[in-house]
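Student: task: produce atomic coordinates for the following.
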Amino acid sequence: MPPDNLHVIHNLQQGRFEIHLDSQIAVLNYRINDGSIIFTHTGVPAALEGRGMGSLLVKTGLTYARENKLSVQSLCWFVDGYLRRHEADQNK
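Tutor: Alright, predicted model coming up:
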């Protein structure tokens with residue numbers, strides 16, 4: 001579970017969601033194409049691993065997709081795993 005004080009930034013120019021902590025950045029990269037959001041890479045620096053940041057980034061990305069009526073595609077193993085573990089969330 002990530003700490004409550006984490007804030008996800010949507011960096012539209014870079015096409016990614018970001019969490020800044022301890023002068024490091026965790027990211028979820030994406031691109032949008034024909035009504036789909038395609039998640040391409042989740043990256044969490046080793047020093048920040050195990051704090052739930054990757055999951056928070058993916059959850060935020062999926063919320064953005066739902067709010068903007070974008071279908072979801074994944075080219076990222078981490079996003080794939082998150083989707084498998086949280087199938088119930090997708091059907092809400």
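Student: who's in contact with V44?
Tutor: A26, M53, G54 (Cβ atoms under 8 Å, 6 or more residues apart in numbering). In short, each C-beta sits where N, CA and C put it, glycine included.
Student: list the contacts of the last one.
Tutor: Which is G54. Applying Cβ under 8 Å, 6+ apart, the residues near G54 are A26, L28, T42, V44, F78, Y82.
Student: that one and K69, how far apart?
Tutor: For G54, the distance to K69 equals 25 Å [Cβ to Cβ, to the nearest Å].
Student: cool, and the first one?
Tutor: As defined by Cβ to Cβ, A26 lies at a distance of 26 Å from K69.
Student: the two: which is more packed in?
Tutor: A26 (24 against 7; other Cβ atoms under 10 Å).
Student: which SSE is that one in?
Tutor: strand 24-33 (DSSP states H and E).
Student: then I9?
Tutor: strand 8-11.
Student: contact partners for M53?
Tutor: So M53 contacts P2, L6, I19, L21, A26, V44 (Cβ under 8 Å, 6+ apart).
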